[in-house]
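Participant: can you look at this prediction? I've put the sequence above it.
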Amino acid sequence: MLFDLDGTLLDTVDAITFALNQALAERSLAGLPVSEVRSMIGRGGPMLIERALARLGAALDQSEQAALLERYFLLYEHIESGAEHSARVYPGAADCLRQLHGLQLQLAVVTNKQQHLARGLLARLGLGQWIQVLIGGDSCARRKPDPQPLQVACEAMRVPTSQALMVGDSINDVLAARAAGVPVVCVPYGYNEGNDSRQLPCDGFVDTLAQLPALLTRVTV
């Protein structure tokens, strides 16, 4: 089982927005509302910065953009590692992981977020105990929608991609899964770059992750 993180297991948009806006403000750039940032999440921090600058019509050279990205990561980590972190587990996600682990399925998180940030969030929110493998946006050469992160996760679990299932919320998850030859189930509530997640060309939907264990049981019986 391969799970996306932001928008699938965790709602992190408030912290992402706050860190992004503070990093932008330090360069005398305007902030963006949560609704706009939500529509820009996907493909990792570098893409978020590119999209924010494009939305603001701001031109930064490569070194300035890299510095802005680094500052964003530092601010985000500070926010999410503090006692007042705003990330929350989506309803049903924890129970889903617990049940799947009880079924002796191997569980991985495949995210475009930096690996150490993802690991910290999973630990603080009590989900890390069920995750055997974590692949972040800096764990391999390419990020989703490239299939490489999914392939690396399967290799780490010694499972062929044909025996894996991807669970995500965005077109990036679907494209990565299709390219890797992995079936994909989506949730309708996450971050799909401003597009309706119900229109994703996936193999099925679950309204909440609480429905996933029963779905898998029906399919395998």
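Facilitator: Arrived safely. Numbering: from 1, shown residues only.
Participant: any idea how far residue 169 is from residue 15?
Facilitator: In this view, residue 169 and residue 15 are 17 Å apart by CB to CB, to the nearest Å. (C-beta placed from N, C-alpha, C; glycine too.)
Participant: who's more crowded, these two?
Facilitator: The neighbour count for residue 169 versus residue 15, taken as other CB atoms under 10 Å, is higher for residue 169 (26 against 22).
Participant: and the nearest residue in space to that one that is not next to it in sequence, how many neighbours does it have?
Facilitator: Counting by CB to CB, 6 or more residues apart in numbering, the nearest residue to residue 169 once its immediate chain neighbours are dropped is residue 190, at 2.7 Å. When neighbours are defined as other CB under 10 Å, residue 190 has 24 of them.
Participant: likewise for residue 194?
Facilitator: Count around residue 194 with other CB under 10 Å applied: 12.
Participant: got a list of what it touches?
Facilitator: Residue 194 makes contacts with 38, 39, 40, as judged by CB atoms under 8 Å, 6 or more residues apart in numbering.
Participant: quick one: the helices in the chain?
Facilitator: 13-25, 34-40, 45-56, 62-81, 93-102, 115-124, 148-157, 171-180, 212-220 (DSSP state H).
Participant: same list (those helices) but as JSON lines, adding distance to residue 197 and mean pLDDT.
Facilitator: JSON lines is the format used below for the helices of the chain (distance: least, CB to CB, whole Å; pLDDT from 0 to 100):
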{"stretch": "helix 13-25", "distance to residue 197": "14", "mean pLDDT": "95"}
{"stretch": "helix 34-40", "distance to residue 197": "12", "mean pLDDT": "94"}
{"stretch": "helix 45-56", "distance to residue 197": "18", "mean pLDDT": "95"}
{"stretch": "helix 62-81", "distance to residue 197": "24", "mean pLDDT": "93"}
{"stretch": "helix 93-102", "distance to residue 197": "16", "mean pLDDT": "97"}
{"stretch": "helix 115-124", "distance to residue 197": "21", "mean pLDDT": "93"}
{"stretch": "helix 148-157", "distance to residue 197": "19", "mean pLDDT": "98"}
{"stretch": "helix 171-180", "distance to residue 197": "9", "mean pLDDT": "97"}
{"stretch": "helix 212-220", "distance to residue 197": "16", "mean pLDDT": "79"}
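Participant: tell me the most buried of these?
Facilitator: helix 171-180 (a mean of 23; mean count of other CB atoms under 10 Å).
Participant: and the chain, what are its domains?
Facilitator: 2-11+89-220, 13-81 (automatic domain parsing).
Participant: the contacts of residue 194 into CSV, with extra columns for distance to residue 174?
Facilitator: Formatted as CSV, those follow (distance: CB to CB, whole Å):
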residue, distance to residue 174
38, 18
39, 17
40, 18
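Participant: isn't residue 188 right next to residue 207, touching?
Facilitator: Yes - between residue 188 and residue 207 there is a contact at 6.6 Å, judged by CB atoms under 8 Å.
Participant: who has more neighbours, those two?
Facilitator: For residue 188 versus residue 207, neighbours defined as other CB under 10 Å are more numerous around residue 188 (15 against 10).
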